[in-house]
Structures are given as C-alpha cells and as structure tokens.
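Peer 1: Fold the stuff below for me.
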Amino acid sequence: IAPTFWATIDGSGGSLTVNPNNNTLVTLTVPNLAVAGPTNFSIAIGPLPGSANPNYVTIPRSYYFGPSGISFGSKFVTAVYNYSDPEIIGADERNLGVYVWDGLLNSWIFQTGRVTVSQNRLTADMSHFSLYGVRAPKVNLEFLTPEGTVTGANIPVSFNMTSFDIDGNIIPVPPIVEGL
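Peer 2: I've put the predicted structure just below:
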C-alpha cells in the first residue's frame, strides 16, 4: 500500500494530511488527550479493495489508518475525506458514507458521516483505526421516452430510476414522467 504519510502527534493533539501533488485526499485530526504521549500516526492510501459492492459508487482508493490496534476511548479522532465530482458520478453525493472493514465479519460496515456538498468533503469520527473507504449507493437512470431526436420547448420524458439502500438492495421506484 502506498503512498504512506506519517506524523508524530503527542497528547496535546495535532493533524496529519495526505496531499500528494498538492491534492488533499484526507486529513486526520487528533484531539487533545486522545493519546497519552508521542504516537506515530500514519495514513496509507491504497487501491480499491476487490470486496467493494458493485451497487455502489466508491471513491477509487482505500485509507488505512495507523497505528494498528489503537483505540481512543471516549475521545474520537476525525477524518475529513476529500473527493472530486468525477469520482462520484452515478451517486447522490448527499448519500456518501464512510465504511470500515470488519475483519471478523469479513464485510464493510457503514459509519455515519457529515457531507459538505459545496466543498466535496465527508467528515467522520473514528474510535479506532482500520481500513476505510468512501461510497454511496448508485443511482441508475434508464430513459424510456422520447426515442430518437425530438425538438420543442416542452418535451415529456419518461425514465426508470433504480436506487440502492445502504445494504445494496434495490429500492423500487415507479416510472417518472416530467416535462423538460
């Protein structure tokens, strides 16, 4: 897994930002008293895991936070994930979520987060470190009408929309007809 970014953060808190080529991917903020003394923190950026659900639009990278095995008790560290609009094509940005890999269950577990659409950021609190990813359920549109080339000021459009819940199950939606 590469690249890996490192910072020693002590009990007074601090932050670690991953910004290859001045492109900020994620910032980790460690609050005051989250650790007792100097601790070597790391963030490794890796490829998208093969276990990613195909019913989701997943930011094409994974985040491995270290040191492994550390937990923060009643204190939470905060990660701010940055993404670009092209990385989330096909998803409703407001539904982006953070997923953490659970090795015991061998599955991705949803964690809450806060999306700031205007800044393309997702903020999430973490109580421990593991492998994390960012994703949202896919939204698929299938245009039914009109067919071919149509001109005019007000054109009725019919399409099927398929959306998925956080578990990847299809949410049924009736056909929608709108005038454009």
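
Peer 1: Closest to the centroid, which residue in this protein?
Peer 2: With distances taken as CA atoms, centre = their mean, the chain has Val134 as the residue nearest its mean C-alpha position (1.9 Å).

Peer 1: wait, what's in contact with Ile88?
Peer 2: Counting by CB atoms under 8 Å, 6 or more residues apart in numbering, Ile88 touches Val57, Ile59, Leu96, Ala136. Backbone N, C-alpha and C define where each C-beta goes, glycine included.

Peer 1: Go again with 7 Å.
Peer 2: With contact taken as CB atoms under 7 Å, 6 or more residues apart in numbering, Ile88 is in contact with Val57, Leu96, Ala136.

Peer 1: Now render those as CSV, adding pLDDT, neighbour count and distance to Thr24.
Peer 2: Output for these, formatted as CSV (pLDDT from 0 to 100; neighbours: other CB atoms under 10 Å; distance: CB to CB, whole Å):
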residue, pLDDT, neighbour count, distance to Thr24
Val57, 85, 23, 20
Leu96, 91, 24, 17
Ala136, 87, 22, 20
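
Peer 1: Out of those residues, list just those in helices.
Peer 2: Of the positions in those, not one sits in helices, assigned by DSSP state H.

Peer 1: closest to Leu25 among those?
Peer 2: In terms of CB to CB, no member of the contacts of Ile88 lies closer to Leu25 than Leu96, at 14.5 Å.

Peer 1: Who does the closest residue to that closest one other than its chain neighbours form a beta bridge with?
Peer 2: Taking CB to CB, 6 or more residues apart in numbering as the measure, Leu96 lies nearest to Ala136, with 4.5 Å between them; neighbours along the chain are not counted. When bridges are taken as DSSP bridges, the partners of Ala136 come out as Val57.

Peer 1: dump the residue contacts of Ala136.
Peer 2: Counting by CB under 7 Å, 6+ apart, Ala136 has contacts Tyr56, Val57, Ile88, Ala91, Asp92, Asn95, Leu96, Gly97.

Peer 1: how about 6 Å then?
Peer 2: Val57, Ala91, Asn95, Leu96 (CB atoms under 6 Å, 6 or more residues apart in numbering).

Peer 1: Look at Asn120 and say how many residues are nearby.
Peer 2: The number of residues packed near Asn120 is 16, by other CB atoms under 10 Å.

Peer 1: Tell me the predicted confidence for Pro174.
Peer 2: Taken from the predicted model, the pLDDT recorded for Pro174 is 54.

Peer 1: got it, and Val115?
Peer 2: Reading off the per-residue confidence, Val115 sits at a pLDDT of 95.

Peer 1: host element of it?
Peer 2: Secondary structure here is read from DSSP states H and E; on that basis Val115 sits in strand 114-116.

Peer 1: Need the contact partners of that strand.
Peer 2: Defining contact as CB under 6 Å, 6+ apart, one finds that strand 114-116 is touched by Arg94, Leu96, Leu122, Thr123.
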